[in-house]
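A.B. asks: below is the structure, and that's it, no one-letter string:
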DNA sequence: TCTTTATTTCATAAAAAAATGAATCTATAG
DNA sequence: CTATAGATTCATTTTTTTATGAAATAAAGA
C-alpha cells in the first residue's frame, strides 16, 4: 500500500498557536504536552493518526497514547476508527462551548459533588454549639451552591 | 511579654474543610500546600501569624512564607502589619467574588493578553493565501474574545 | 547600639508528575 | 493462521515542581 507522505513538521504559525494553547490549558492544570497535542489537532486540516501527532511533536508512542486518552476523556478530542483502515484517527473539539462544557462535566462537577457530600455529612455531625465551624461550613456550602448555578450559565453564554 | 497560647492543632472539621479547598484549588492548578494555607486562614476566627499557620500545618517557615506570598499575589489572602507588634498577620479573602476576580486578574488576564498579542502579531505576518492558518487563527482569536466578555459576567453573577 | 524575633531567599533535597521504551495486546492484511 | 502495523500498558527514567533548612535580611525592644 502507498505510504501517505503527510507533513510531519510543524509550521511556524502552528508553533505559535500551540504556545497559546499551552498557556490556556495550563490555567486549568492541563500539562504542556497534552495541550500541544490538542493544538496539533486544532490546527490540522483533517483527522490525524496517533503516529502523525507523535511525529510532529517528537514524542514517544506511549506519550501520545496517554495524552490522547486524557484529551478524549476531557472531550477535547474525538477518536474515530475508520472501517477498513488500521489505526485510529483523531480530531479536535473546536467548539469552545463544548470544550468547556466537557471539562466542567469531567473534572469540576465530580469534585464539587464529592465536596458537597463531605460538607453536608460534616454538618450533620457538627455540634451546634460550635458556632465558628457552623458558620465557616455554611460559607463554603454557599460557594458550592453559587458555583453550581454559575456553570450552566457559562455554557449558555458560550452557546 | 506573655506568650499567646493559641490553638496550634487543626480540628476535625478544619481538616475536612481543608480537603475541600485542596480539591477546589487544584482545579486551577494551585498546589495542595497553598490551598491548605488558605483553608487555615478561611477557618480561623481572626488573623493569624505566619508562625501559627506553619505550626498548624507542620510546614517549614520557608514554605509558609512562599505559600503566603502566592496567596497574597492572587488576592486570596491579605497581609497586615499591626503597628507596635512584630511579625505580620494574615487573613483570608472570604468573598468568592473577589477571590475569583483577583484570580482572573492575576493569572488569566495576563495570559490572555499576551496570547492575544501574539496572535495578532502572527496575523499580520501570515501570508493571506494560507487559508488554513488564517482560519485557525481567527477561531482562536474568537475564543479570546468570548473569554474576555465572559469573565466580567462571572464577576457580576457572583456579586 | 546590640539582641532577639520574624521573615525572606535560595541552594539543595524530596516528592510528584510526565515521558520513555520495551513488552504486550489488538486487529487487519495477506 | 501468520505476520505485521498500530495501540496500549506500565515499570523505569527523566524532568519538573514543591518543600526544606540554613543563611541573610529586616524590624522592633532594651
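C.D. replies: Received the coordinates, thanks. No experiment lies behind these values; they were computed from the predicted model shown.
A.B. asks: only C-alpha atoms for contact and neighbour calcs from this point on.
C.D. replies: Fine.
A.B. asks: okay, angle between the longest helix along chain A and helix B:131-158 too, please.
C.D. replies: In chain A, with assignment by DSSP state H, the single longest helix is helix A:131-158. In terms of direction (axes from the mean of the first three to the mean of the last three Cα atoms, to 10 degrees), helix A:131-158 departs from helix B:131-158 by 140 degrees.
A.B. asks: buried residues, helix A:131-158. List them.
C.D. replies: For helix A:131-158, the neighbour count (16 or more other Cα atoms under 10 Å in any protein chain shown) marks A:133-134, A:136-137, A:139-141, A:143-144, A:147, A:151, A:154-155, A:158 as buried.
A.B. asks: tell me which parts of chain A are close to DNA strand C?
C.D. replies: With the criterion set to Cα under 7 Å from any atom of the strand, chain A comes near DNA strand C through A:1, A:30-34, A:58-63, A:67, A:83-86.
A.B. asks: does the longest helix of chain A come close to chain B?
C.D. replies: Yes - using Cα under 8 Å from any Cα of the partner chain, helix A:131-158 reaches chain B at A:132, A:133, A:136, A:137, A:143, A:146, A:150, A:154, A:157, A:158.
A.B. asks: so who does the residue in chain A positioned nearest to DNA strand D touch?
C.D. replies: DNA strand D sits closest to residue A:87 of chain A, with a gap of 2.8 Å, by Cα to the nearest atom of the strand. Contact analysis of residue A:87 by Cα atoms under 8 Å, 6 or more residues apart in numbering or on different chains lists A:49, A:81.
A.B. asks: tell me the pLDDT of residue A:128.
C.D. replies: In this model, residue A:128 is scored at 94, pLDDT.
A.B. asks: tell me which helix or strand it sits in.
C.D. replies: When elements are assigned from DSSP states H and E, residue A:128 belongs to no helix and no strand.
A.B. asks: pretty sure it is touching residue A:134, no?
C.D. replies: Yes - applying Cα atoms under 8 Å, one finds residue A:128 in contact with residue A:134, separated by 7.1 Å.
A.B. asks: gap between the residue nearest the centre of chain A and residue B:107?
C.D. replies: When Cα atoms, centre = their mean is applied to chain A, the residue found nearest the centroid is residue A:74 (4.0 Å). From residue A:74 over to residue B:107 the distance is 22 Å, taken as Cα to Cα, to the nearest Å.
A.B. asks: again, but for residue A:53
C.D. replies: Separation of residue A:53 from residue B:107 (Cα to Cα) stands at 30 Å.
A.B. asks: who has more neighbours out of the two?
C.D. replies: residue A:53 (25 against 14; other Cα atoms under 10 Å in any protein chain shown).
A.B. asks: I'd guess that one is in a helix, am I close?
C.D. replies: Yes - Residue A:53: assigned to a helix according to DSSP: H, G, I helix; E, B strand; the rest coil.
A.B. asks: distance of it relative to residue A:18?
C.D. replies: Counting by Cα to Cα, the gap from residue A:53 to residue A:18 is 13 Å.
A.B. asks: overlap in contacts, those two.
C.D. replies: Counting by Cα under 8 Å, 6+ apart, the contacts common to residue A:53 and residue A:18 are residue A:40.
A.B. asks: how about the buried residues of helix A:131-158, which pair is most distant?
C.D. replies: A:133 and A:158 (37.8 Å; Cα to Cα).
A.B. asks: in chain A, what residue spans correspond to helices?
C.D. replies: Here chain A has its helices, by DSSP H, at A:12-27, A:32-43, A:50-57, A:61-73, A:96-103, A:109-125, A:131-158.
A.B. asks: using the record's assignment, carve chain A into domains.
C.D. replies: As recorded under automatic domain parsing, the domains making up chain A are A:12-92, A:96-158.
A.B. asks: most tightly packed of those?
C.D. replies: domain A:12-92 (a mean of 18; mean count of other Cα atoms under 10 Å in any protein chain shown).
A.B. asks: what about that domain, how long is it end to end?
C.D. replies: Its first and final residues considered, domain A:12-92 spans 20 Å by Cα to Cα.
A.B. asks: now swap in stretch A:93-106 and tell me
C.D. replies: Criterion Cα to Cα; first-to-last residue distance in stretch A:93-106 is 15 Å.
A.B. asks: identify the residues contacting the spatially closest residue to residue A:42 that is not a sequence neighbour.
C.D. replies: Closest residue to residue A:42 in three dimensions, ignoring its sequence neighbours and counting by Cα to Cα, 6 or more residues apart in numbering or on different chains: residue A:92, at 5.2 Å. Residues in contact with residue A:92 (Cα under 8 Å, 6+ apart) are A:38, A:41, A:42, A:76, A:77, A:78.
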